[in-house]
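Build me a model:
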Amino acid sequence: MSITNENAIAQPVGTTLERYIMRKQAEFAFATGELSQLLRDIALAGKIVNREVNRAGLTSIIGAMGQQNVQGEAQQKLDVEANIRFIRALTNGGEACAVLSEEEDDIIHTGNCQGKYVVAIDPLDGSSNIDVNISIGTIFSIYRRVTPVGLEATREDFLQGGRKQVAAGYILYGSSTMLVYTTGHGVVGFTYENSLGEFFLSHPSIRIPASGTTFSCNEGNWFDYAQYVRDFLTQCKQQRMSGRYVGSLVADYHRNLFTGGIYLYPPTAKNPQGKLRLLYEGYPLAFVIEQAGGRAETGTGAVLDIEPTEFHQRAPLYVGSATLVQDLVALAPVEATPA
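Numbers count the residues shown, from 1 in each chain. Okay, the predicted model is just below:
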């Protein structure tokens, strides 16, 4: 067999997440390996959750648990499964001294008091859509702790503010499973190869288009939206933009990140502070979008500039292509929405 034919047969499979993290470790502010391990732990739990999502219809883990989480939302069986998987992976990895989850009321101490990092996570965003086979996801945010190493983490470690994140990202469980993250040096994407059980680098430099033709929001709340939001949406429709909304934040966000567009979750009468959680939805997605060249706003300022005061704090979110977000913000009156 000729060398040419051998090359045609044995094509390289690409760069694994493991190799990529090792190569880029020097870019981390504290390049001693702990943050690299955290990303591996999150990827491992993501692989397990991906397996459970893919076989959900064949097992007994779809549907509601019959109870509510700390947010007052109906807890799905897969919510509980994902929560356990991520907490277990972060605990066993040894680098996270504490975890804050959407599914838990308070800090989860891992027992790793020597760990230098804390993780805020939404283990399974959009899990109610699993019953109808719509893409769902995991959102995570990583901080370097501010309390002394050796002691248990406290609320100060989690309430540092969005600008203090050292890494953030999400995992999308869809037609393919993708891990997208940033450590403050741009945004990269990895696609999961099921037969090999590995994430491979598929998008080495993700940049959101400056504008787009898609808006994503729940128009069923139209009459609860502030006038400036309705004015913006009217402009979108006059420009014949497409409305795309599936009710899974990660899915809508991911589409707009790659094709250009804007995602909106404004305040409503029911949720005057907004509905999305700041620490494990707003902050991480804002960090990613800014690193990809987009914007994330509340109507009165950048999402990453909001001062956090509580673990399950909520905030409005307008996130996506920079031009579209700017067009919306330009219509907002002063003090339009609470930041």
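
mind giving me the domain ranges of this structure?
When the chain is parsed into structural domains using automatic domain parsing, the resulting residue ranges are 17-203, 214-331.

was I right about R244 contacting T259?
No. Shown here, R244 and T259 do not form a contact pair, counting by CB atoms under 8 Å, at 9.4 Å. For the C-beta atoms, the positions are set from N, CA and C on the backbone; glycine is no exception.

Can you check which residues contact both of the two?
Taking CB atoms under 8 Å, 6 or more residues apart in numbering as the contact criterion, the residues that touch both R244 and T259 are T214.

my read: V329 touches Y318, true?
Yes. With contact taken as CB under 8 Å, V329 and Y318 are classed as touching, separated by 7.2 Å.

Overlap of the contact sets of the two?
With contacts defined as CB under 8 Å, 6+ apart, the residues shared by V329 and Y318 are E297, G299.

of the two, who's got more company?
For V329 versus Y318, neighbours defined as other CB atoms under 10 Å are more numerous around Y318 (25 against 19).

which stretches of the stretch 101-250 of the chain form helices?
For the stretch 101-250 of the chain, applying DSSP state H, counting those that start in this stretch gives helices covering 155-158, 227-238, 249-259.

Centroid-nearest residue for this protein?
By CA atoms, centre = their mean, the chain has its centre lying nearest to I139, at 3.0 Å.

Okay, that residue and T177: tell me how far apart.
Taking CB to CB, to the nearest Å as the measure, I139 and T177 are separated by 14 Å.

swap in D157?
Here D157 is placed at a distance of 30 Å from T177 (CB to CB).

Quick one: low-confidence residue ranges for the stretch 51-200 of the chain.
Counting by pLDDT under 70, the stretch 51-200 of the chain shows low-confidence ranges at 56-74.

How about the helix or strand hosting R85, which residues are buried there?
When elements are assigned from DSSP states H and E, R85 belongs to helix 77-93. For helix 77-93, burial by neighbour count (16 or more other CB atoms under 10 Å) applies to 77-83, 85-87, 89-91, 93.

Columns distance to Y265 on top of the residues you listed, output as CSV?
Putting the buried residues of helix 77-93 into CSV (distance: CB to CB, whole Å) gives the following:
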residue, distance to Y265
K77, 25
L78, 22
D79, 20
V80, 25
E81, 26
A82, 22
N83, 22
R85, 27
F86, 23
I87, 26
A89, 29
L90, 27
T91, 32
G93, 32
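
Could you give me the buried positions within stretch 259-275?
Residues of stretch 259-275 classed as buried by neighbour count (16+ other CB under 10 Å): G260, G261, I262, Y263, L264, Y265, P266, P267, T268, Q273, G274, K275.

all strands of the stretch 51-200 of the chain, in order?
Under the criterion DSSP state E, counting those that start in this stretch, strands of the stretch 51-200 of the chain are mapped to 64-68, 74-76, 96-101, 108-109, 117-125, 136-144, 165-173, 177-182, 187-193, 198-203.

Tell me which of those is the most buried.
Each of the strands of the stretch 51-200 of the chain was scored by mean neighbour count; the highest is strand 117-125, a mean of 27, by mean count of other CB atoms under 10 Å.

so what strands line up beside that strand?
Using DSSP bridges, the neighbouring strands of strand 117-125 in the sheet come out as strand 96-101 (parallel), strand 136-144 (antiparallel).

quick one: the first one to chain centroid distance?
To tie it back to what came earlier, the one meant is strand 96-101. Strand 96-101 sits 16 Å away from the centroid of its parent chain (CA atoms, centre = their mean, to the nearest Å).

Helix 77-93 and that one, what's the angle between them?
Strand 96-101 runs at 170 degrees relative to helix 77-93, counting by axes from the mean of the first three to the mean of the last three CA atoms, to 10 degrees.

Could you shift the numbering so residue one becomes 59, and keep it that way?
Sure, I'll start counting at 59 from here, so that last one is strand 154-159.

who's in contact with strand 154-159?
Contacts with strand 154-159, where a contact means CB under 8 Å, 6+ apart, come from 96, 99, 141, 144-145, 148-149, 165-168, 170-181, 203, 207, 210-211, 215-216, 337-338, 369.
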